[in-house]
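[1] Next one to model:
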Amino acid sequence: RVAVGTSTCAKSISEASDLTLAIPRAITWQRRQMAALESMKDLEAAPATSAALSMKEIEEAMERGATSAKPEGLTLQQSEEGGKTRWSFQDEAPPQEAKPINDDVAIKSCGATIGVGLFARRKLEGGSVILRNEPIAHAARGFDGARCDVCLAPVAKSVKCKGCAAVVYCGKACATSINATAHMKNGECKAAAALPKILPTCLLAARVLRKMRADPAINTYVRALKRKSNLDGDDELRAAAQVVKQLSGETDENACAAVLAVLQRNAHSVCDDELREVGVALYPRAVTAANHSCRPNIWPRFRFTVSKAPVLEYAVLSSVEANKELTHEYADLLDEHRRESLRKNYGFVCACDECAFASKAREAARTQLRTKRDAMEAHLKKEDWAAAAALAEDVARLEGFWAPGHPYTALHRLRCAKLQNLVGNEREAQVHIMLALVRLVVSHGKESSLAKEAADMQARVIHKREGRTLVEDASSDDDYDWRAGMRPW
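    Numbering: from 1, shown residues only. Model prediction:
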């Protein structure tokens, strides 16, 4: 049910997409400039040398971090000269105040080459939630089984739409909700019944188009978003546009293609607590203004409620000073092709310190870490707990490759605790449980299901150590109050 045996990190674009233009994990609107990676050729040779690195060498590369840093007050700029791309450092223009969102954050203009970004208005502490927004539109995407079209909950005994059977609901509450009623009355149900299969991306695009026709503000917002510039010759996009045209009732096929192109770069993948993708959604500008970084300081997490759309929260991963930019990641940070994926799918090459100034040794160590992670997950699938536990310990020692407070490190510590329990190492399991709980409270929130599970595991450890026994009703996990039996720290 939780960490063991479940892949909790972002997959590559090819694994997480239902067609070329489909939405990959952790997507959001980017306004990053095209930035230089002067050492790209050298870094391509890194995977070939990674196999020779020892665990100690990988740890040293992690601790050193990037070998260089961007000079203070300068930014990388791109220019074209004689058919060749030139990169140079230019004076960095200070961000200009554009639009305060709340007391914590504001959208600021960062210049024509970058666009806009999300910035802290005051000092923010790790674990705090700085933004909450409901989506403009959303659609379910169930890689691990059917998902409710309204609340995205997993569906065991589904309630299918009576008109089209193309969407399912988790129960009566969602089947009679406002969203389900709109699906029946606006023509989407009738159109879906005539189609053999509907991809989540197409369903989302159709819903966005309906919202654009109904609300001029949404129409203006979507039209202003960045998108793929050249839509000619993209056969898959055109084929998807024809499906969207039928679902939305839109008469202009080019408008459908344009919205699909917008979603390719601006939609968010909706993920559950274990970072499994369960849907796709387009959120308001306050959400999509956040730029990418390979050392993110915020994380988009989602709150699910029966009969309601998923609410996105931006949680701060570690303390951020006032006027600093707030960023999160658009791709798997251990993906060796992440920079190429960012360039292809979002139109920019990442120029953060982690990418632009990474050493060959650090990239080689990152490659070997990815190999260890993949091997660990392979052993989990085979239920080889001893081998998986050993590899999981190696990955835990290298968590410095992720940003402080990153949710993957929290999930991985919980996984380590369960694996160590399975192989009989209770002392090591206790350490991982404690670390997992601290991290989960920051990245997922103390009210999340995983944080509560880690707290329950820790309570059981304490009761066992003190010679007490928890008595619970086997029919429910929530019938006993473990907090009442714990002594004050």
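
[2] Can you get me a residue count around the nearest residue to residue 273 once chain neighbours are set aside?
    Leaving aside its chain neighbours, residue 273 sits nearest to residue 450 (4.9 Å; criterion: Cβ to Cβ, 6 or more residues apart in numbering). C-betas here are computed from N, CA, C, even on glycine. Using other Cβ atoms under 10 Å, the number of residues around residue 450 comes to 22.

[3] Could you do residue 59 as well?
    16.

[4] Tell me the spacing between it and residue 53.
    10 Å (Cβ to Cβ, to the nearest Å).

[5] Residue 459 sits in which helix or strand?
    helix 449-465 (DSSP states H and E).

[6] got the buried residues for that helix?
    450-459, 461 (16 or more other Cβ atoms under 10 Å).

[7] which stretches of the stretch 351-489 of the chain form helices?
    353-356, 360-381, 385-397, 407-422, 426-443, 449-465 (DSSP state H, counting those that start in this stretch).

[8] Residue 280 is nearest to which of the ones you listed?
    helix 407-422 (19.1 Å; Cβ to Cβ).

[9] Near residue 145, how many other residues are there?
    Around residue 145 there are 10 residues (other Cβ under 10 Å).

[10] got TSV for the buried residues of helix 449-465, with pLDDT and distance to residue 143 too?
    Converted to TSV, the buried residues of helix 449-465 look like this (pLDDT from 0 to 100; distance: Cβ to Cβ, whole Å):
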residue	pLDDT	distance to residue 143
450	94	19
451	94	24
452	93	25
453	93	22
454	94	25
455	93	29
456	91	28
457	90	27
458	89	31
459	87	33
461	81	33
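
[11] Out of the residues you listed, which two sit at the greatest distance?
    So, the buried residues of helix 449-465 by Cβ to Cβ: farthest apart are 450 and 461, at 16.6 Å.

[12] Distance from the chain centre to stretch 164-178, please.
    26 Å (Cα atoms, centre = their mean, to the nearest Å).

[13] again but with stretch 150-163, I slipped
    With Cα atoms, centre = their mean, you get 24 Å for stretch 150-163.

[14] Can you point out the buried residues in stretch 385-397?
    Neighbour-count burial for stretch 385-397 flags 385, 387-389, 391-396 (criterion: 16+ other Cβ under 10 Å).

[15] Of those residues, just say which sits nearest to residue 368.
    Closest to residue 368, out of all of the buried residues of stretch 385-397 and judged by Cβ to Cβ, is residue 394, at 9.6 Å.

[16] Confirm for me that the closest one is in contact with residue 371.
    No - using Cβ atoms under 8 Å, residue 394 is not in contact with residue 371, being 10.4 Å away.

[17] Tell me which stretches of the stretch 201-350 of the chain form helices.
    Using DSSP H, counting those that start in this stretch, the helices of the stretch 201-350 of the chain run over 216-224, 235-248, 253-266, 285-288, 338-346.

[18] so what's the residue lying closest to residue 400 once chain neighbours are set aside up against?
    Nearest non-adjacent residue to residue 400, counting by Cβ to Cβ, 6+ apart: residue 62, 4.3 Å away. By Cβ atoms under 8 Å, 6 or more residues apart in numbering, the contact list for residue 62 reads 362, 365, 398, 400-401.

[19] Now residue 62: which helix or strand?
    helix 55-64.

[20] closest to residue 165 out of the helices of the stretch 201-350 of the chain?
    Shortest separation from residue 165 across the helices of the stretch 201-350 of the chain is recorded for helix 235-248, at 15.0 Å, computed as Cβ to Cβ.

[21] Show the average pLDDT along stretch 462-470.
    In this model, stretch 462-470 carries a mean pLDDT of 70.

[22] er, stretch 424-443 I mean
    93.

[23] Residue 206 contacts residue 242, correct?
    No - contact criterion Cβ under 8 Å: residue 206 and residue 242 do not qualify, at 11.6 Å.

[24] the more surrounded of these two?
    More neighbours surround residue 206 than the other of residue 206 and residue 242, with 28 against 13 (other Cβ under 10 Å).

[25] if I pick that one, what's in contact with it?
    So residue 206 contacts 188, 244, 247-248, 250 (Cβ under 8 Å, 6+ apart).

[26] Write the PyMOL selection for whichever of the residues you listed are buried.
    The PyMOL selection below is limited to those of these classed as buried (16+ other Cβ under 10 Å):
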select buried, resi 188+244+247+248+250
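
[27] just to revisit the earlier point, export only the CA atoms of the helix holding residue 62, formatted as PDB.
    Extracted in PDB, the C-alpha atoms of helix 55-64 (Å, rounded to 0.1, in the frame of the first residue of the first chain):
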ATOM      1  CA  MET A  55      30.500   4.400  -2.900                       C
ATOM      2  CA  LYS A  56      33.000   6.700  -1.200                       C
ATOM      3  CA  GLU A  57      33.700   8.600  -4.400                       C
ATOM      4  CA  ILE A  58      29.900   9.000  -5.100                       C
ATOM      5  CA  GLU A  59      29.500  10.400  -1.600                       C
ATOM      6  CA  GLU A  60      32.400  12.800  -2.100                       C
ATOM      7  CA  ALA A  61      30.800  14.000  -5.400                       C
ATOM      8  CA  MET A  62      27.500  14.600  -3.600                       C
ATOM      9  CA  GLU A  63      29.100  16.600  -0.800                       C
ATOM     10  CA  ARG A  64      31.100  18.800  -3.200                       C
END
